[in-house]
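Colleague: what's the 3D shape of this:
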Amino acid sequence: MKGKRVFVSGAAGVIGREMIPRLVARGAIVLAADLKPRPEGFPAQVQYRMGDLNCMTQIEWDTFAPEIFIHLAATFERSEESYGFWEENFLHNVQLSHHLMSLARNAVDLKKVVFASSYLIYAPDLYQFDSPRDHAISLKETDPVYPRNLTGMAKFAHEIELRFIDTFCGDRLSTVCARIYRGYGRNSRDVISRWARDLLQGKPVTVYRPEGQFDYIYAADTAEGLIRLAGHPTASGIINLGTGRARSVSDVVNVFRKYFPEMQANMEESDIPYEASQADISRYTSLIGWQPEYDIEKAIPEIIEYERSQSGRTTSPHLRFRALISSAAAKVPLVRAMQAAVRQFGPDGAVVAGDLDARAVSAYVADEFWPMPPTRKENFAQIMEALRNRNINCVLPTRDGELLFWAQHKDELAKAGIQVIVSPPDSIALCLDKLAFARYGQQRGLSFIPASDNLDELTADTLVVKERYGAGSRSLGLNLTREEARRHATELEAPIFQPMVHGIEISIDAWLDRTHKVKGLVLRRRDQVVNGESRVTTVFSDEAIEASARMILESLKLSGPVVMQAFLDEAGGLQVIECNPRFGGASTAGMAAGLDGLHWSLLEIAGADLGDWPFHRRPGRFRQVRVAQDLYVADSDL
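Modeller: Next comes the predicted model:
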């Protein structure tokens, strides 16, 4: 494993927590990923990706370029699967496994896939009975299959997918499906950990079918067994991974009784079948030359000690984002982008579209709609109460006129558990005042287009006249003579003048962290502009321009998503027009290029280490064309 790049999905689970330190100790370069936050005990050199792997991109995969992929990520329910498990199983078992292999199947660096499958694939009539059995049935890899539940079905479906991949890629890539038996371990939801927690609190435990026999395999052994499969040059196909020795539920109770002599074990009647199963591990042991080292007598004391050490510690709740997009209007692509971002933290995330206009079309695509009051100081208490009532914990302002309102109340909202994705008030005020913004650049020798509220201070023959405050395209006068500029200015409230610059108009989408450092930046040419927004825009790269833009943005002490407008003059130099400290109308093009600013903002709120989320720039040029799309809505109130 030394020097090998290993990607582990589901790394924060009970097996992954045992696996990651072992991989690092063997010298592997590890990318670990999970929906849950980074576990405290992971070595510092491990790159960690928190979020839904259904959202992992090809760029992310190709950038890390794993040589070994160990697929642990899965969801399951310990007892009978509930009706609500239908969607969860598809999303995090069926769809996830298919998506990850869709990224992996053409990756030239990938040499080995190890899939954590399950013995639930085997036909249950082989090992489940109406009455107790004296001996467990040893299940072999060649035994008949008939998955007994949705989890087993999902595991079997992916085994077939991997077999399909082997047919076409077997000359460069090998796959192993490890059918894991009754797993248990530290920090788990399994019955052994649950009993340990209950007994430490002096609670009784409930026992069903004490005669049932299972092949209990400890997570430390499962992790070690999978790593050995990953590192073996010829291991492939279906391989059982268990201890090879079944133990009864009564055996587990008796081991616990050694440590809790006064324990109360309540035997309850049940209509579930009697299980009597164990793994035939002869194929594994003959191939790998190793077998699991733990039995329940050795493992249960470790679990008890772990649970004792966790006593009194509160576990971090599942982070569920309910994000408000304020002034959502018709910003349908932004609503959908935020929905994708919040659902990287779990399928129960939601986006609320808020707008003054109750007829805003964003209401038809958001998860909820809120006809908001105006974002004015006198309405703050009303807005705060409404945010709390709607359980909103994150706000993304999108209109220039509301940015200062949210920025000025950001700290007070944070105390109520509501985070606002917005730049500091001073930086916003500077960007909203186009005259102050231009003077800021001139005073620091930056490549800003100069501006003045006095026409006589400028010597240019052709000019631009615009409002000092507000949307840049409103009442804009372009390519005017000095006399035309003077007349046009009389029609504006607070006019400013700038020399007319000819060149290629560009937008610069960027995202800056709370320390005002640019994490990612994307250039795009504004090919066709309608009402101030790019209808057609082309993404491109230029290291010199990007470096200059990065320096300017950081000097402005911005944070979160921003979009800066500029020209490339005839010499190819950057001439900055203005900066909007918010998400732009066509900024989804930057997202398509890898600028994952909405997700980074949520990760920052969640306290994640953004170093685990490098900016993966999509290579080459591409073009975004913004077109209308029809929606069809069925509603009983229509």
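
Colleague: any idea how far Pro333 is from the residue lying closest to Leu631 once chain neighbours are set aside?
Modeller: Spatial nearest neighbour of Leu631, excluding adjacent residues (C-beta to C-beta, 6 or more residues apart in numbering): Tyr364 at 5.7 Å. In this view, the C-beta of every residue, glycine as well, is placed from N, C-alpha and C. According to C-beta to C-beta, to the nearest Å, Tyr364 stands 13 Å off from Pro333.

Colleague: quick one: average pLDDT of the helix or strand encompassing Leu553?
Modeller: For Leu553, the host element (DSSP states H and E) is helix 543-555. For helix 543-555, the mean pLDDT works out to 96.

Colleague: stretch 148-157 too?
Modeller: For stretch 148-157, mean pLDDT is 96.

Colleague: and the contacts of that stretch?
Modeller: For stretch 148-157, contacts defined as C-beta atoms under 8 Å, 6 or more residues apart in numbering pick out 74-77, 81, 85-86, 89-90, 93-94, 97, 117-118, 120-121, 123-124, 128, 145, 147.

Colleague: just the pLDDT for Ala608.
Modeller: Ala608 carries a pLDDT value of 88.

Colleague: which residues sit in contact with it?
Modeller: If you count contacts by C-beta under 8 Å, 6+ apart, then Ala608 has Pro37, Arg38, Met50 around it.

Colleague: what about the residue lying closest to the first one once chain neighbours are set aside, how many neighbours?
Modeller: If the residues on either side of it in the chain are set aside, Pro37 comes closest to Met50, at 5.7 Å by C-beta to C-beta, 6+ apart. Met50 sits with 24 neighbouring residues when counted by other C-beta atoms under 10 Å.

Colleague: do the same with Ile281
Modeller: Using other C-beta under 10 Å, Ile281 is surrounded by 25 other residues.

Colleague: and after the top helix by length along the chain, which helix or strand comes next?
Modeller: Counting by DSSP state H, the longest helix found in the chain is helix 150-169. Toward the C-terminus, helix 150-169 is succeeded by strand 174-180 as the next helix or strand (DSSP H and E).

Colleague: what are the buried residues along that following strand?
Modeller: Applying a neighbour-count criterion of 16 or more other C-beta atoms under 10 Å, one finds Ser174, Thr175, Val176, Cys177, Ala178, Arg179, Ile180 buried in strand 174-180.

Colleague: so where's this structure uncertain?
Modeller: Per-residue confidence for the chain (pLDDT under 70) gives these ranges: 78-79, 312-318, 471-474, 636-638.

Colleague: after the longest strand along it, heading C-terminal, what element do we hit next?
Modeller: When the chain is parsed with DSSP state E, its longest strand is strand 518-530. Next helix or strand after strand 518-530 toward the C-terminus (DSSP H and E): strand 533-540.

Colleague: buried set for that next one?
Modeller: By 16+ other C-beta under 10 Å, the buried positions in strand 533-540 come out as Ser534, Arg535, Val536, Thr537, Thr538, Val539, Phe540.

Colleague: okay, these in CSV with distance to Thr234 next?
Modeller: Shown next, in CSV, are the buried residues of strand 533-540 (distance: C-beta to C-beta, whole Å):
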residue, distance to Thr234
Ser534, 55
Arg535, 57
Val536, 54
Thr537, 51
Thr538, 49
Val539, 45
Phe540, 47
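
Colleague: kindly indicate which of the residues you listed lies nearest Gln344.
Modeller: Ranked by distance to Gln344 (C-beta to C-beta), these are led by Val539 at 22.5 Å.

Colleague: beta partners of the closest one?
Modeller: In this structure, Val539 bridges to Arg524, Phe622 when assessed by DSSP bridges.

Colleague: residue contacts, it?
Modeller: Val522, Leu523, Arg524, Ala589, Gly590, Ala592, Ala593, Arg618, Arg621, Phe622, Arg623, Gln624.

Colleague: what's the answer for Ala299, then?
Modeller: Going by C-beta under 8 Å, 6+ apart, Ala299 touches Tyr184, Gly185, Ile192, Tyr216, Tyr218, Ala220.

Colleague: double-check that it belongs to a helix.
Modeller: Yes. Using DSSP: H, G, I helix; E, B strand; the rest coil, the assignment for Ala299 is a helix.

Colleague: what about it, distance to Asp125?
Modeller: 30 Å.

Colleague: again with Leu478
Modeller: Where Asp125 is concerned, Leu478 sits at a distance of 79 Å (C-beta to C-beta).

Colleague: got the buried residues for stretch 203-215?
Modeller: Buried residues in stretch 203-215, defined by neighbour count with 16+ other C-beta under 10 Å: Val205, Val207, Arg209, Pro210, Gly212, Gln213, Phe214, Asp215.

Colleague: just the element for the residue of the chain most remote from its centre, please.
Modeller: Centroid-distance maximum for the chain: Glu483 at 55.1 Å, with C-alpha atoms, centre = their mean. Per DSSP H and E, Glu483 falls inside helix 482-489.

Colleague: with Ser102 instead?
Modeller: Using DSSP H and E, Ser102 falls in helix 96-104.

Colleague: alpha carbons of whichever helix or strand comes after that helix, as CSV, please.
Modeller: Downstream of helix 96-104, the first helix or strand assigned by DSSP H and E is strand 112-118. Taking C-alpha atoms only, strand 112-118 is exported to CSV below (Å, rounded to 0.1, in the frame of the first residue of the first chain):
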residue,chain,number,x,y,z
LYS,A,112,-8.6,-2.3,-7.9
VAL,A,113,-12.1,-1.9,-6.6
VAL,A,114,-13.1,-3.5,-3.3
PHE,A,115,-16.8,-3.4,-2.6
ALA,A,116,-18.2,-4.0,0.9
SER,A,117,-21.1,-6.3,-0.1
SER,A,118,-23.2,-8.4,2.3
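
Colleague: next helix or strand past strand 112-118?
Modeller: Per DSSP H and E, the first helix or strand lying C-terminal to strand 112-118 is strand 128-129.

Colleague: that next one pairs with which strands?
Modeller: Here strand 128-129 has these sheet partners by DSSP bridges: strand 274-275 (antiparallel).

Colleague: give me the distance between Arg209 and Asp130.
Modeller: For Arg209, the distance to Asp130 (C-beta to C-beta) stands at 12 Å.

Colleague: got it, and Thr375?
Modeller: Distance from Thr375 to Asp130, by C-beta to C-beta: 67 Å.

Colleague: ok, those two, which is more surrounded?
Modeller: Set Thr375 next to Asp130 and count neighbours by other C-beta under 10 Å: Thr375 wins out with 21 against 6.

Colleague: where does the more buried one sit: helix, strand or coil?
Modeller: Quick answer, by three-state DSSP: Thr375 is coil.

Colleague: surely it meets Ala386?
Modeller: No. Applying C-beta atoms under 8 Å as the test, Thr375 and Ala386 come out as separate, 11.7 Å apart.

Colleague: pull up the overlap in contacts between those two.
Modeller: Common neighbours of Thr375 and Ala386, using C-beta under 8 Å, 6+ apart, do not exist here.

Colleague: rewinding a little: and the buried residues of strand 533-540, which two are the farthest apart?
Modeller: Among the buried residues of strand 533-540, Arg535 and Phe540 lie farthest apart (C-beta to C-beta), at 17.4 Å.

Colleague: break this structure into its domains for me.
Modeller: Using automatic domain parsing, the domains assigned to the chain come out as 5-309, 322-422, 450-499, 501-638.

Colleague: export those domains to a markdown table and append columns for distance to Ile428.
Modeller: Converted to a markdown table, those look like this (distance: least, C-beta to C-beta, whole Å):
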| stretch | distance to Ile428 |
| --- | --- |
| domain 5-309 | 29 |
| domain 322-422 | 5 |
| domain 450-499 | 12 |
| domain 501-638 | 5 |
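
Colleague: out of these, which comes closest to Asp433?
Modeller: Among the domains of the chain, domain 450-499 sits nearest to Asp433 (C-beta to C-beta), with 6.5 Å.

Colleague: in PyMOL, select just the buried ones from the contacts of stretch 148-157.
Modeller: To isolate the buried members of these in PyMOL, using 16+ other C-beta under 10 Å:
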select buried, resi 74+75+76+85+89+93+94+97+117+118+120+121+124+128+145+147
